[in-house]
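Undergrad: pasting the structure only:
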């Protein structure tokens, strides 16, 4: 079975660390809304705090991710998780403080651990054989979707049934547990001693920009569908309460799709697979925007979940192929930031469109933007492939000329 090589103690330990590190991220936006909703203008303040938290994630991923080093990754990731835990705890202990102070806590909670997703992903790849990389990424994506399906429900239950501060205190505890669990894993991962030829770290990371565009486009489309779904259901005269079960079904379908991807080898290059799947998700979401019945919306979201998981997996594998091993953690962090930008941009776009257009029109506009970004990414991929082929041909000619030169000198002797 393709997943058999993942059934090891290090991978199990990594899984527990990942649950501790990623659960706070999944529950934070909703937990922040519940934390301040009883205050005057609470929902607006909660949305602002959630936006500040996401901004912190983006900035932290961009600033801290590229600074991860294979030799000190465990300490760096743990330090970020502990700092994030302190910020989460501060939010839970001081929920009635001034909004500016709460915003500073939220920014820190998002920024400090933002390098951990990329670092943990790279660490997982170092724990499995090279031939099991696709299965490892499938497993990681499946685990992520399970976390995202379970933790928002947990946060809601604790905030409403116990106390609004409890989800944030739980997030702090989970982050600390993740940091502690890191000491049962290797200190980092193996990588080449020096960056690959061709320029600085920033230049090498920037060269993979088509993969980042694909990631941002995929998450942006998902965010648009999620945020507009309640309004779309209301437009279709369907009970808004169906939004929760529909999104939960989406997450379950995505988890199953991630697991299914790793069961076999799929035809074509992973970058081609990613673009094809992104176009397919765009088509499915467009159908969801147009279909009038609840069953059609449900089937569309289930199919979108399966396809979206493929987009996430293939873009991760494509980035792994595009970057040298030493820069993988930095590249994954830049991808994390790009995904955050895509989500934030879609949230802003959906709010603006809903004020002037119907929910279905807003979703279709988002689909159009996604298609444009996918085309831009495809053109970038084609240009990169052409440049690589040209470089290979030039190197071959130079090597051939050098060999011919040596032959001429030998003949003269």
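TA: Cool, got the structure. As the structure is a computational prediction, the values presented were derived from the model and not from experiment.
Undergrad: for whichever strand or helix holds residue 146, buried residues please.
TA: Taking DSSP states H and E as the definition, one finds residue 146 inside helix 133-161. Counting neighbours by 16 or more other CB atoms under 10 Å, one finds that the buried residues in helix 133-161 are 133-152, 154-156, 158-159. C-beta here means a position set from N, CA and C on the backbone, and glycine is covered the same way.
Undergrad: with stretch 258-265 instead?
TA: So stretch 258-265, judged by 16+ other CB under 10 Å, has buried residues 258, 259, 261, 262.
Undergrad: returning to that earlier point: elements contacting the helix holding residue 146?
TA: Judged by 3 or more CB pairs under 8 Å, 6 or more residues apart in numbering; DSSP states H and E, helix 133-161 is in contact with helix 9-36, helix 116-127, helix 166-181, helix 243-261, helix 294-322.
Undergrad: okay, the angle between it and helix 294-322?
TA: Computed with axes from the mean of the first three to the mean of the last three CA atoms, to 10 degrees, the direction of helix 133-161 lies at 130 degrees from that of helix 294-322.
Undergrad: quick check: angle from helix 133-161 to helix 9-36?
TA: Here helix 133-161 runs at 30 degrees with respect to helix 9-36, directions being taken by the same axes, to 10 degrees.
Undergrad: check the offset of helix 133-161 from the chain's centre.
TA: On the basis of CA atoms, centre = their mean, to the nearest Å, helix 133-161 sits 13 Å off its chain's mean C-alpha point.
Undergrad: again, but for stretch 64-80
TA: Between the mean C-alpha position of stretch 64-80 and that of its chain there is a distance of 18 Å (CA atoms, centre = their mean).
Undergrad: cool, and stretch 35-42?
TA: Going by CA atoms, centre = their mean, where stretch 35-42 is centred and where its chain is centred differ by 29 Å.
Undergrad: report the buried residues of that stretch.
TA: Those buried within stretch 35-42 under the rule 16+ other CB under 10 Å are 35, 36.
Undergrad: ok, now how distant is the closest residue in space to residue 39 that isn't next to it in sequence from residue 158?
TA: Using CB to CB, 6 or more residues apart in numbering and skipping residues adjacent in sequence, the residue nearest residue 39 is residue 45, 6.3 Å away. Counting by CB to CB, to the nearest Å, the separation of residue 45 from residue 158 is 20 Å.
Undergrad: quick check: angle from the host helix or strand of the residue nearest to residue 39 to helix 9-36?
TA: Under DSSP H and E, the secondary-structure element containing residue 45 is helix 42-64. Using the same axes, to 10 degrees, the interaxial angle of helix 42-64 with respect to helix 9-36 works out to 140 degrees.
Undergrad: contact partners of helix 42-64?
TA: The contact list for helix 42-64, computed with CB atoms under 8 Å, 6 or more residues apart in numbering, reads 25, 28-30, 32-37, 39, 76, 80, 99, 102-103, 106-115, 117-118, 333-334, 336-337, 340-341, 343-344, 347.
Undergrad: buried ones among those?
TA: Burial of the contacts of helix 42-64 was assessed by neighbour count (16+ other CB under 10 Å); the buried members are 25, 28-30, 32-36, 76, 80, 102-103, 106-115, 117-118, 333-334, 336-337, 340-341, 343-344, 347.
Undergrad: the closest residue to residue 115 other than its chain neighbours: neighbour count?
TA: Excluding its sequence neighbours, the residue lying closest to residue 115 (CB to CB, 6+ apart) is residue 64, at 4.1 Å. By the criterion of other CB atoms under 10 Å, residue 64 has 23 neighbours.
Undergrad: tell me the pLDDT of residue 64.
TA: Here, the pLDDT recorded for residue 64 equals 91.
Undergrad: which residue is nearest the centroid of the chain?
TA: The central residue of the chain, meaning the one whose C-alpha is nearest the mean C-alpha position (CA atoms, centre = their mean), is residue 336 at 4.9 Å.
Undergrad: contact partners for residue 125?
TA: Residue 125 is in contact with 133, 136, 137, 189, 320, 328, counting by CB under 8 Å, 6+ apart.
Undergrad: wait, the last one sits on residue 122?
TA: What it means is residue 328. Yes. With contacts counted by CB atoms under 8 Å, residue 328 reaches residue 122, the gap being 4.6 Å.
Undergrad: quick one on the thing from earlier: average pLDDT for the helix holding residue 146, rounded please.
TA: Here the average pLDDT along helix 133-161 is 87.
Undergrad: equivalent analysis for stretch 238-246, please.
TA: pLDDT averaged over stretch 238-246 equals 81, rounded to a whole number.
Undergrad: ok, now stretch 8-16?
TA: Stretch 8-16 comes out with an average pLDDT of 93.
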